[in-house]
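1. sequence unavailable; structure follows:
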């Protein structure tokens, strides 16, 4: 009997101010100058109203309606929580209310939604996981058992590290190149570590996340009963539906009927005797691994390529990534908390995502999420900021 | 797409231009060369009529015949300001058009009728209009720029505007080099948008040279091309990167003012005014430059941007330029925002990864911009003209004209 495992990624990056080369090393208050607080607040409040608040309300009602049998999981990034605390504490309260039902699980990740898992050593990665852990502990008094890396970036090295840190499970993409003929609807285990791996069912997940409102998709219009039928006919232990939380009301607008879909989903799922809901911790606890996966190079859930080329696919991105690492090395020699925090905020993967020059289908998705007119604008702005920070660090 | 390259059997085009490479003053010549060569490759017989110059222009294509007509001293981008000079100028334009009419008719008589008259910009509109009516042949007009572009929007000359409007009104189909230009044709000249097709320009790629720290401006030194903004940005760049060399290539009525400006800005030792370059020199300078800047005040298309990009030179172009509406891998700016232009020039000079990514992706995207493509789309325009209906329309118009002449008051 497959368990439906719904998990949502909740994240907002700290977008940058317009930063010309003339600002590099100029005499001004650099830190308040990097991040565009006004834009960030605007976007956060907009998304909160369109997505976070209404969707949390729907989920809370559904959990109460089905007496806790409807279960979901969240991963909240550190930058997202900071926005909540700074701009709209009511958003954070609504997440606390959800968590208090006992039907909601929380997932660990890096505080800054960064690419630190791809650095040469994993010290910084471990530090950012710890920061996230402390934050969840402070706000929810909870210690997550399951880990999901930034955009489900995963390889053997990351899996081993997460196992060492004591987590019971890790989430990644059910990528064809890893699974081959095998189904994502089972628990797997890495070749090199003792931890359970949840593989995202990208077909069913993307039906909601990407294709829900696409009129030239044969599945259109997607209704809750149709979707529940598809799941009921699926084979396996667990159906991992992982998506951006902003799917609800932001990527898919209210007019598409996405909220109606969500409201009816649990009821339609419960019509099938062979389906139930499980949080990520429950799924990991309940099911045994059926096989091993070997991932020597990093995969992720992003774009068609399902690798890290979304963030490190061109020379500009690699230059910024290397610059970030260089700054980190220099920062280690200095114990300056403010510089450290700024450096970490600049590690948020979105900054590199905006510099992606991938074309065609993915390009449109990139353009939708980017505050810049082009990846070149994104690069110049980000690199200028990094140069300023570098000067500051070497002073 | 099946119809894409459908060629009318024995299609014969009389194309009227003003200039043809290697001797040229702007994108019109480049376009005419690319278009006529690719059309003739597709089996269309093209007769290209142009003024006789000191240098004879020859065609090496079997289907392309270049016919030189009379002699003239006028360039299509000239804008006479002095009245006495203007008198000669307008007279010369009229004379050239008359000569073209006579020549086209003679060729048609001797070598066979034409299926279409295709003219480029205002200079040849008079001839095209007369030929259309006297030979009963549909007329296609390509608009590369309008008086509003050439004047930079400052005191556009009504004389040109009237000629342009008259020509556009007579054209059976208009080809605009960008959506930007199509909008101007519709909004400023009141032309029906349904007869206007947008066909973006293309480029014959230029080889990449050994890159030096050169920031290049290349174009006519007229108000339209915005060289003054290039110099202002250069001043700012040099404050931060004192060793960069700026090259201003081209000639035009702004030259002495620009030289004065460079002196006033205190950067005359870092700016080279290269004058008008030969075709070989143009290729060389594109190849060795690190950044190309096209800060046009008004730019219907901007082939030079494609030329620079094809030579692996990262390009900063005016946001409103026609090329920017169809090309992704360049940097887009407001021409008046010289601080921003300077910041971007410096970024390009400092960040190798940016130059490399722009150059690689730019060259890749350039491959989509072929003259073969332009010729194919132009053929679609020819083929889309319903000749029978047009002939009927022409007769109707003649009737109205006759009626008007009879009934108009003396």
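-> Sure, I can see it. No experiment lies behind these values; they were computed from the predicted model shown.
2. looking at the chain, which helix or strand does the model trust least?
-> Using chain A. One helix or strand of chain A scores below all others by mean pLDDT, DSSP states H and E: helix A:360-369, with a mean of 60.
3. quick one: list the elements packing against the helix or strand following that one.
-> Counting by DSSP states H and E, the element after helix A:360-369 in chain order, helix or strand, is helix A:375-394. Packing partners of helix A:375-394 (3 or more Cβ pairs under 8 Å, 6 or more residues apart in numbering or on different chains; DSSP states H and E): helix A:30-34, helix A:315-332, helix A:337-345, helix A:350-353, helix B:338-350, helix B:352-366. In this view, the C-beta of every residue, glycine as well, is placed from N, C-alpha and C.
4. the residue of the stretch 101-250 of chain B at minimum distance from chain A: what's it in contact with?
-> Nearest residue of the stretch 101-250 of chain B to chain A, counting by Cβ to the nearest Cβ: residue B:240, 6.9 Å away. The contact partners of residue B:240, by Cβ atoms under 8 Å, 6 or more residues apart in numbering or on different chains, come to A:21-22, B:346.
5. residue B:197: which element?
-> strand B:196-198.
6. give me the next element, helix or strand, following that strand.
-> strand B:214-218.
7. the top helix by length along chain B: what's the following helix or strand?
-> Secondary structure of chain B per DSSP state H: the longest helix is helix B:83-111. Counting by DSSP H and E, the element after helix B:83-111 in chain order, helix or strand, is strand B:116-120.
8. give me the angle between the helix or strand that that following strand is followed by and strand B:116-120.
-> Using DSSP H and E, the helix or strand that follows strand B:116-120 towards the C-terminus is helix B:125-135. Here the directions of helix B:125-135 and strand B:116-120 differ by 170 degrees (axes from the mean of the first three to the mean of the last three Cα atoms, to 10 degrees).
9. got the phi and psi for residue A:5?
-> Main-chain torsions, residue A:5, degrees, to the nearest 10: phi -110, psi 100.
10. how many other residues sit next to it?
-> By other Cβ atoms under 10 Å in any protein chain shown, 28 other residues sit near residue A:5.
11. shouldn't residue A:261 be in contact with residue A:223?
-> Yes. In this structure, residue A:261 is within contact of residue A:223 by Cβ atoms under 8 Å, at 7.0 Å.
12. find residues that contact each of the two.
-> Common neighbours of residue A:261 and residue A:223 are not found (criterion: Cβ under 8 Å, 6+ apart).
13. the two: who's more crowded?
-> Between residue A:261 and residue A:223, residue A:261 has the larger neighbour count (other Cβ under 10 Å), namely 20 against 15.
14. so after the helix or strand that one falls within, what's the next helix or strand?
-> Taking DSSP H and E as the definition, one finds residue A:261 inside helix A:258-270. Using DSSP H and E, the next helix or strand after helix A:258-270 towards the C-terminus is strand A:276-277.
15. pull up the pairing partners for that following strand, direction included.
-> Strand A:276-277 has these partner strands in its sheet, going by DSSP bridges: strand A:3-10 (parallel).
16. tell me how far the strand it pairs with is from the chain's mean position?
-> Distance of strand A:3-10 from the chain centroid (Cα atoms, centre = their mean, to the nearest Å) equals 11 Å.
17. what comes into contact with that strand?
-> By Cβ under 8 Å, 6+ apart, the list of residues contacting strand A:3-10 from outside reads A:52, A:71-77, A:80, A:107, A:148, A:151, A:171, A:198, A:231, A:237-247, A:269, A:275-280, A:282-283, A:286-287.
18. looking at the residues you listed, which are in strands?
-> Among those, DSSP state E puts A:72-76, A:148, A:171, A:198, A:238-244, A:276-277 in strands.
19. what is the burial count for residue 245?
-> No chain was given, so I picked chain A. For residue A:245, the neighbour count with other Cβ under 10 Å is 23.
20. wait, chain B was what I had in mind.
-> By other Cβ under 10 Å, the residues close to residue B:245 number 17.
21. tell me the contacts of it?
-> For residue B:245, the contact set (Cβ under 8 Å, 6+ apart) comprises B:212-215, B:270, B:272.
22. recalculate using a threshold of 10 Å.
-> Applying Cβ atoms under 10 Å, 6 or more residues apart in numbering or on different chains to residue B:245 gives the contacts B:212-216, B:234, B:238, B:269-272, B:289-290.
23. which strand residues bridge the spatially closest residue to residue A:69 that is not a sequence neighbour?
-> Counting by Cβ to Cβ, 6 or more residues apart in numbering or on different chains, residue A:69 lies nearest to residue A:277, which is 6.5 Å off, once chain neighbours are set aside. Beta bridges link residue A:277 to residue A:4, judged by DSSP bridges.
24. going by secondary structure, residue A:105 is in what exactly?
-> According to DSSP H and E, residue A:105 maps onto strand A:104-106.
25. what about whichever helix or strand comes after that strand, average pLDDT?
-> Sequence-wise, the next helix or strand downstream of strand A:104-106 (DSSP H and E) is helix A:123-140. For helix A:123-140, mean pLDDT is 98.
26. and helix A:123-140, what other elements does it pack with?
-> In terms of contacts (3 or more Cβ pairs under 10 Å, 6 or more residues apart in numbering or on different chains; DSSP states H and E), helix A:123-140 is packed against strand A:72-76, helix A:78-87, helix A:89-100, strand A:104-106, strand A:146-148, helix A:156-164, helix A:315-332, helix A:337-345.
27. of those, which is nearest chain B?
-> With Cβ to the nearest Cβ as the measure, helix A:315-332 is the member of these nearest chain B (3.7 Å).
28. how about that closest one, does it get close to chain B?
-> Yes. Interface with chain B: helix A:315-332 contributes A:315-320, A:322-323 (Cβ under 10 Å from any Cβ of the partner chain).
29. residue B:335: which of those residues is nearest?
-> Distance ranking of the residues of helix A:315-332 next to chain B against residue B:335, using Cβ to Cβ, places residue A:316 first at 24.9 Å.
30. could you report the pLDDT at the closest one?
-> 97.
31. and the one 4 residues further on, by the same measure?
-> We note a pLDDT of 98 for residue A:320 in this prediction.
32. need the contact list for it.
-> When contacts are counted by Cβ under 10 Å, 6+ apart, residue A:320 touches A:311-312, A:346, A:351-352, A:355, A:378-379, A:382-383, A:385-386, B:351, B:353.
33. need the max-distance pair from these.
-> Applying Cβ to Cβ across those, the maximum distance is between A:312 and A:385, 18.4 Å.
34. looking at those two, which is more packed in?
-> Neighbour count, other Cβ under 10 Å: between residue A:312 and residue A:385, residue A:385 has more, with 23 against 20.
35. that one and residue A:351 touch, don't they?
-> Yes. In this structure, residue A:385 is within contact of residue A:351 by Cβ atoms under 10 Å, at 8.5 Å.
36. between these two, which contacts overlap?
-> By Cβ under 10 Å, 6+ apart, residue A:385 and residue A:351 have these common neighbours: A:16, A:320.
37. chain B contacts on the stretch 251-395 of chain A?
-> Residues of the stretch 251-395 of chain A that fall close to chain B, judged by Cβ under 10 Å from any Cβ: A:313-320, A:322-323, A:355, A:357, A:359, A:363, A:373-377, A:379-381, A:383-384, A:387.
38. that older thread, within reach of chain A, which of the contacts of residue B:245 are there?
-> Of the residues in the contacts of residue B:245, proximity to chain A by Cβ under 10 Å from any Cβ holds for none.
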